[in-house]
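Enquirer: Fold the following, please.
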Amino acid sequence: MVMISYLRFFIMSMSLPTISVYGFSKNYTTSTFNQSFSRLFGDNHIVFLDDEGNSVQISLDQSTGSGFMSRVYYYYAYFSASIKLPADYTAGVVVTFYTSNSNIYQNFHDELDFEFLGNVRGQNWVVQTNVYGNGSTSRGREERYNLWFDPTQDSHTYSILWVSKWIIFYVDNVPIREIRRVDAMGGDFPSKPMSLYATIWDGSSWATGGGKYKVNYQYAPFIAMYSDFVLYGCSVNPTQKAQACHEDIGSDLNATFSGLTSQEKMRMKNFRSKYLKYSYCDDRARYSTPLPECVIDPQEARKLQSEI
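Expert: Okay, the predicted model is just below:
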């Protein structure tokens, strides 16, 4: 376990163009696998696609899935990767890009998820985001979406911004989901250091069509490719909060971000009007009273109700 008591940022290996994804521009740089990650499981199913480890593929077959995790824990960060999903029939196959601290806080962990839930040939991949805080797994905050592109043909960028008052999920720098912390959430808002994970595994029991469609291993191996890793945040001892995170390098994450710009909000609204398929905020069978952070959009709610 890496024990770090001071704020620091990874020095990445290859510069990216300046981008603005959450209200300010930053010249982010990418990291290689060897700089930032360790193998988690399925070692022989994790393959470097270049000598430097800038691109990595992970795979699932009947013997095992595979995955990797960041070497350090972060207390507030911006995470991003380019991901290409498995093609053809992939029902039951779950590909992930997420943050968690469940190995440290087993009964009250935090988590931020991108989960790609497989597809039946001819149908769309379903993308799910989720948020857990302090072990609040009984209050899942799932949303599910279609995408405006085929995620198996090319790599696309998936990003998570996590700061003290906001969580934003992005696809190709388009914000698709915004959670603003409110006092009534209490510990449900993730507030402990987390690692970054990427995995592929068999989710036949629930992933595609609620478990209706299972993994068919005659189409294996199922391969997901990851590249352009960005891990920009405060790295810390995972059992302690970083007192210097708001005082030193990287204070821009908390100090500068004050919510999406009006243009970003319009882009998010446009995405959600077309591609949102489910939101816990509009699920009255599950939550007769919406959870406290929910901001109900009547037009969005009517659209989701019409699809039930």
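Enquirer: Residue 303: what's it in contact with?
Expert: Neighbour list for residue 303: 273, 276 [criterion: CB atoms under 8 Å, 6 or more residues apart in numbering]. Every C-beta, even on glycine, is put in place using the N, C-alpha and C of the backbone.
Enquirer: longest helix in the protein, by residue count?
Expert: In the chain, with assignment by DSSP state H, the single longest helix is helix 262-275.
Enquirer: Please identify the residue most distant from the middle of the chain.
Expert: Using CA atoms, centre = their mean, the residue of the chain lying farthest from its centre is residue 218. It sits 28.8 Å away.
Enquirer: now that residue, what's its secondary structure?
Expert: When classified by DSSP: H, G, I helix; E, B strand; the rest coil, residue 218 comes out as helix.
Enquirer: Going forward, the N-terminal residue is numbered 28.
Expert: Sounds good: first residue 28 from here, last item residue 245.
Enquirer: Check the gap between it and residue 167 for me.
Expert: Counting by CB to CB, to the nearest Å, the gap from residue 245 to residue 167 is 32 Å.
Enquirer: Next: residue 316.
Expert: With CB to CB as the criterion, residue 316 and residue 167 are 16 Å apart.
Enquirer: again with residue 204
Expert: Residue 204 is 14 Å from residue 167, by CB to CB.
Enquirer: quick one: which of these two has more around it?
Expert: Between residue 204 and residue 167, counting by other CB atoms under 10 Å, residue 204 is the more crowded of the two (21 against 13).
Enquirer: ok, that one touching residue 170?
Expert: Yes: with contact defined as CB atoms under 8 Å, residue 204 reaches residue 170; the gap is 5.8 Å.
Enquirer: anything in contact with each of these two?
Expert: Both residue 204 and residue 170 are in contact with residue 156, where contact means CB under 8 Å, 6+ apart.
Enquirer: What mean pLDDT does the strand or helix carrying residue 96 get?
Expert: Assigned by DSSP states H and E, residue 96 belongs to strand 93-97. For strand 93-97, mean pLDDT is 98.
Enquirer: So residue 61: helix, strand or coil?
Expert: With three-state DSSP as the basis, residue 61 sits in helix.
Enquirer: buried stuff in stretch 214-229?
Expert: Under the neighbour-count criterion of 16 or more other CB atoms under 10 Å, stretch 214-229 has 215-229 buried.
Enquirer: Looking at those, which are in strands?
Expert: Cross-referencing the buried residues of stretch 214-229 against strands under DSSP state E gives 222, 223, 224, 225, 226, 227, 228, 229.
Enquirer: Reformat the residues you listed as CSV; add pLDDT and distance to residue 189.
Expert: Below are those laid out as CSV (pLDDT from 0 to 100; distance: CB to CB, whole Å):
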residue, pLDDT, distance to residue 189
222, 96, 12
223, 98, 10
224, 98, 14
225, 98, 16
226, 98, 19
227, 98, 23
228, 98, 23
229, 98, 28
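Enquirer: Could you tell me how many residues sit around the residue lying closest to residue 314 once chain neighbours are set aside?
Expert: In this structure, residue 314 finds its nearest non-sequential neighbour in residue 307, 6.5 Å apart by CB to CB, 6 or more residues apart in numbering. By other CB under 10 Å, the residues close to residue 307 number 18.
Enquirer: Residue 169 is in contact with residue 307, correct?
Expert: Yes: in this structure, residue 307 is within contact of residue 169 by CB under 8 Å, at 5.5 Å.
Enquirer: Please enumerate the helices of this protein.
Expert: Applying DSSP H to the chain gives helices spanning 60-63, 279-282, 289-302, 325-333.
Enquirer: show me where pLDDT drops low in the stretch 228-335 of the chain?
Expert: Along the stretch 228-335 of the chain, the parts satisfying pLDDT under 70 run over 267-279, 281-282, 333-335.
Enquirer: mind listing what residue 318 touches?
Expert: Applying CB under 8 Å, 6+ apart to residue 318 gives the contacts 166, 168, 212, 215, 307, 308.
Enquirer: Pick the one among those closest to residue 148.
Expert: residue 307 (28.9 Å; CB to CB).
Enquirer: From residue 199, how far out is the closest one?
Expert: Residue 307 sits 24 Å away from residue 199, going by CB to CB.
Enquirer: Residue 169 now?
Expert: Per CB to CB, residue 169 is found 21 Å from residue 199.
Enquirer: which residues touch residue 209?
Expert: Residue 209 makes contact with 319, 320 under the criterion CB under 8 Å, 6+ apart.
Enquirer: need the longest strand for this structure.
Expert: Counting by DSSP E, the longest strand found in the chain is strand 249-263.
Enquirer: just checking, what packs against that strand?
Expert: Counting by 3 or more CB pairs under 8 Å, 6 or more residues apart in numbering; DSSP states H and E, the packing neighbours recorded for strand 249-263 are strand 56-57, helix 60-63, strand 82-87, strand 100-111, strand 120-127, strand 183-189, strand 222-229, helix 279-282.
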